[in-house]
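[1] Sequence and predicted structure below; questions after.
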Amino acid sequence: MTDGMRLDGVPAAPPPAKPTRPRRVPLVRLRSLVWLAVIGSVVVANYLYGTPYLRFEYSFTGSSERPVYHRCVYLGFNGFRVVTDGHCPPFRLFDGGGR
């Protein structure tokens, strides 16, 4: 048995492996924290700058190259908003309360 062979010529079994500690599974992974940072950034931007609205309907006079807007209706998460300030971009932010 000194050379790793048993008496009948069959190789001896390897010695048992040293027991290792079980690997711990983390409760929170880095990928989860990245998504949390993205969601937190969206919430903070929403608070500071407002929620996005899409121009739904508008009325104007003049040519299509230089329109003079009279009334614009925007659709967003909180319903419709009507604007009569003459400035009607396709997207607009409303309700920013953190400033």
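    Received, thanks. Predicted, not measured: the structure shown is a model, and the values here were computed from it.

[2] For the rest of this, base every contact and every neighbour count on C-alpha atoms.
    Noted.

[3] Backbone dihedrals for H70, please?
    Backbone torsions for H70, taken as degrees, to the nearest 10, come to phi -110, psi -40.

[4] quick one, what contacts it?
    H70 is in contact with 58-61, 84-86, counting by Cα atoms under 8 Å, 6 or more residues apart in numbering.

[5] 10 Å - rerun?
    For H70, the contact set (Cα atoms under 10 Å, 6 or more residues apart in numbering) comprises 58-61, 83-88.

[6] again, but for R23
    Residues in contact with R23 (Cα under 10 Å, 6+ apart): none are found.

[7] Would you check which pair of the contacts of H70 lies furthest apart?
    Greatest spacing in those, by Cα to Cα: T61 and V83 (15.6 Å).

[8] Neighbour count for these two, which is higher?
    V83 (15 against 10; other Cα atoms under 10 Å).

[9] State the distance from that one to F56.
    Distance of V83 to F56, computed by Cα to Cα, to the nearest Å: 11 Å.

[10] A12 now?
    According to Cα to Cα, A12 stands 81 Å off from F56.

[11] Who has more neighbours out of these two?
    F56 (15 against 12).

[12] Surely the more buried one touches G79?
    No: checked against Cα atoms under 10 Å, the pair F56 and G79 is beyond contact range at 11.1 Å.

[13] ok, of the contacts of H70, which one's closest to P22?
    Looking at these and their distance to P22, the nearest is C88, at 61.9 Å (Cα to Cα).
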